[in-house]
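**Student:** Fold the following and give me the result.
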Amino acid sequence: MSYRRHILSIVLVLLSSPVFAQVTNHEPIDLRKLIKEAVVQGADHVEIPAGVYRCSTEITLAGLTNFEIRAHGVVLVKTKIGGALTISRCANVKVAGLTIDYDPPPFTQGTITAMSADEKTLELEIHAGYPALTPEMLGHCARHYFDATTRLWKEGINYFSKPQLEILASGKIRAVFDRPQTGVKPGDYIAFDQRDLNPNACVSIRDCPGRVELEDITIHAAGALAIVGRYCEDQVIFRRVKVERGPRPSGATEDRLLSSNADGVNFACCRKGPLLDQCDFSFMGDDSLNVHGILLCVVQVISPTRILAAIDNRPSGLLAINQPGDNIDVLAPVSFARVGQTICESIKILPDNADSIRKEAQLNFKSKNSITIYQIDFRQPADFLKAGQWLDFPAINCPGFMVTNSTFHDHRARGLRIQGSHGLVVGNHFERIGSSAIQIGPELKMWRESGWVRDVVVRGNTLKNIGIGGDFTESFCYTPGAIAICARTDVSRPPFPRENEDITIEGNQIDGCPASGIHAYGVKRLVIRDNTIRRTNTGDTSRTGQGFQLSARCAIELEGVSNPVVERNQISENEAPASAGSNQ
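**Tutor:** Numbers count the residues shown, from 1 in each chain. Alright, predicted model coming up:
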């Protein structure tokens with residue numbers, strides 16, 4: 001389909017946008033007009049003059065085919081919180097060279113000035129040039145601690161927490177926590193992200209039937225996710241994309257502490273996973289990359305070929321991305337073990353359903369959110385279907401993702417949160433990551449995301465000083481390894497279903513982790529070979545994973561793994577260098 005058939009769409013979107021003034025010594029340029037004219041004239045690209053452009057609303061590119069925006073040297077500064085760039089219904093579209101920032105930043109930061117004797121109450125002053133806390137922020141901001149000298153995350157104390165905040169008459173802030181903030185002292189820096197108040201991603205890529213490329217893009221801040229992808233059919237390519245702390249704000253005397261408030265890249269419900277190559281992500285408030293899908297809960301079986309299923313507060317993009325003939329994995333309640341597979345024939349939303357169905361679905365999702373009910377028809381009878389089971393759609397769990405030659409460092413949570421199948425993680429560098437550098441396996445308990453992971457290769461990566469957050473050796477940690485394979489279900493103790501399968505971890509270098517170098521459970525046909533592992537199990541792991549009856553005693557810890565192959569791994573400088581056996 002030619003891009004000429006989509007001209008009206010982008011023209012209407014751009015006409016609704018304000019003028020974006022270029023701040024230079026030249027005449028201001030109407031960025032809106034520049035892009036619109038290129039499209040109307042049938043050009044295959046537009047060159048945006050270098051400079052700084054300020055805008056209050058986001059740029060939306062909709063329905064474009066075979067078009068490139070060349071924006072080298074261009075800085076787009078959002079003056080209001082919200083999305084900066086949306087790419088929707090596009091195919092073979094590329095954006096290159098753009099830098100995105102926010103003024104003011106969508107977070108605030110300050111210096112701790114006092115601490116109570118029980119270490120549960122802090123007082124702080126907000127740094128000059130950063131947003132003041134307002135009443136609507138109170139109780140909705142997650143905190144992050146930094147060393148004032150190195151400006152790096154403080155090690156061992158950066159678990160996720162939202163304190164109660166109070167604005168004092170002096171202009172200072174009081175933060176009250178439900179547990180002691182051991183390891184924090186006056187003079188340390190603290191940052192508060194505002195992800196709950198700013199749900200929109202900086203860059204959104206949605207409903208695209210063809211390839212989209214982001215090349216040489218830099219994102220300095222984001223209210224929540226830096227980049228989100230949903231309901232795309234072809235691969236989205238990120239090449240030399242950076243998420244990093246931006247320059248010092250005007251009037252500030254301190255440099256920034258955070259980049260994005262939440263994940264770097266979060267992709268879900270796409271028929272192909274993203275490709276990240278030569279990227280560099282740092283100082284995010286959450287994960288570097290999360291690829292996953294969604295689960296639907298069976299609420300009523302009408303016949304062996306028709307059921308009603310529910311999802312928690314989600315949009316209807318599932319209808320567009322799911323295709324007749326897709327396999328559906330049926331998972332058991334509580335354990336989420338596979339009980340069968342069927343084939344989708346059709347799916348549609350039912351707008352009017354009994355309140356009793358919705359209430360039942362809310363219980364299954366442990367949520368008070370609104371519920372969407374779908375009617376799903378199957379191509380063949382599935383007599384094993386029962387209310388309370390879960391449906392997973394592997395074809396839209398971002399299969400075929402690739403992460404190559406990229407660097408992920410200095411952020412609070414995980415490096416890669418892998419919940420899609422048939423993927424490659426090759427030649428990357430991870431350093432000073434709060435939790436696991438690479439986590440493989442579904443998040444079925446809290447987020448009800450995706451299903452089980454198949455056929456993933458993790459090869460030739462370098463991991464250094466992993467697990468520096470505050471919860472990595474706690475009893476509630478369910479991934480106590482620099483590389484971790486897990487099965488987070490509603491079951492809190494073994495045996496866990498061994499439904500992750502065909503995972504290969506080979507030729508990686510792991511240097512520094514308070515728990516295990518490699519930790520795995522809930523998996524079969526696991527290969528761990530030719531890895532070099534140093535300085536693991538350096539923390540107090542006496543309580544690690546006990547809430548799930550897990551342990552992290554050894555450099556390689558396998559618990560309930562079927563048929564593992566563990567060979568030619570080199571382990572040194574460990575408190576417990578021997579590999580743990582597989583508990584059958």
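
**Student:** what about the stretch 51-200 of the chain, any weak spots by pLDDT?
**Tutor:** Along the stretch 51-200 of the chain, no part satisfies pLDDT under 70.

**Student:** Which stretches in the stretch 1-150 of the chain count as strands?
**Tutor:** 21-23, 45-47, 51-55, 59-62, 65-70, 74-78, 85-88, 91-96, 99-102, 107-115, 121-126, 142-146 (DSSP state E, counting those that start in this stretch).

**Student:** For the last one, name the packing helices and strands.
**Tutor:** Using 3 or more Cβ pairs under 8 Å, 6 or more residues apart in numbering; DSSP states H and E as the contact criterion, the neighbours of strand 142-146 among helices and strands are strand 189-193. Every C-beta, even on glycine, is put in place using the N, C-alpha and C of the backbone.

**Student:** what does the strand it packs on contact?
**Tutor:** Residues outside strand 189-193 that contact it (Cβ atoms under 8 Å, 6 or more residues apart in numbering): 106-112, 122, 124, 133, 137, 141-148, 151, 165, 175, 254, 257-258, 261-262, 285.

**Student:** Now the buried members of those.
**Tutor:** Buried members of those, counted by 16 or more other Cβ atoms under 10 Å: 106-112, 122, 124, 133, 137, 141-146, 165, 175, 254, 257-258, 261-262, 285.

**Student:** Would you map the strands across the stretch 151-300 of the chain?
**Tutor:** Ranges of strands within the stretch 151-300 of the chain are 164-167, 173-176, 189-193, 203-206, 212-215, 218-219, 227-230, 236-239, 242-243, 265-268, 275-277, 280-282, 289-292, 295-303, based on DSSP E, counting those that start in this stretch.

**Student:** Return the most buried member of those strands.
**Tutor:** Ranked by mean neighbour count, the strands of the stretch 151-300 of the chain are led by strand 289-292 with a mean of 27 (mean count of other Cβ atoms under 10 Å).

**Student:** quick one: average pLDDT of it?
**Tutor:** Strand 289-292 comes out with an average pLDDT of 97.

**Student:** Show me the contact partners of that strand.
**Tutor:** Under Cβ under 8 Å, 6+ apart, the answer for strand 289-292 is 263-268, 273-274, 276, 281, 397-398, 401, 403, 408, 415-420, 423, 442-443, 447, 449-450.

**Student:** if I look at residue 501, how far off is residue 452?
**Tutor:** 7 Å (Cβ to Cβ, to the nearest Å).

**Student:** just residue 56 next, same as before
**Tutor:** Applying Cβ to Cβ, the value for residue 56 to residue 452 is 44 Å.

**Student:** related to what we said a few turns ago, neighbour-wise, which of residue 501 and residue 452 wins?
**Tutor:** Between residue 501 and residue 452, counting by other Cβ atoms under 10 Å, residue 452 is the more crowded of the two (25 against 18).

**Student:** Could you list the low-pLDDT ranges of the chain?
**Tutor:** Applying pLDDT under 70 to the chain flags residues 1-28, 314-316, 352-356, 366-368, 574-584.

**Student:** How is the chain divided into domains?
**Tutor:** 3-104+198-286, 107-193, 295-395, 397-572 (automatic domain parsing).

**Student:** among those domains, which is the most enclosed?
**Tutor:** Highest mean neighbour count among these (mean count of other Cβ under 10 Å): domain 397-572, with a mean of 22.

**Student:** can I assume residue 109 is in contact with residue 257?
**Tutor:** Yes: at 4.9 Å, residue 109 counts as touching residue 257 under the criterion of Cβ atoms under 8 Å.

**Student:** check contacts around residue 482.
**Tutor:** By Cβ under 8 Å, 6+ apart, residue 482 lies in contact with 430, 436-438, 463, 466-467, 510, 513, 515-518, 536.

**Student:** Export these as TSV, with columns for secondary structure and distance to residue 526.
**Tutor:** Formatted as TSV, the contacts of residue 482 follow (DSSP: H, G, I helix; E, B strand; the rest coil; distance: Cβ to Cβ, whole Å):
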residue	secondary structure	distance to residue 526
430	strand	20
436	coil	16
437	coil	17
438	strand	14
463	strand	18
466	strand	19
467	coil	21
510	strand	16
513	strand	19
515	coil	18
516	strand	14
517	strand	14
518	strand	10
536	strand	18
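
**Student:** Look up the closest residue to residue 446, ignoring the ones flanking it.
**Tutor:** Spatial nearest neighbour of residue 446, chain neighbours left out: residue 488 (7.5 Å); criterion: Cβ to Cβ, 6 or more residues apart in numbering.
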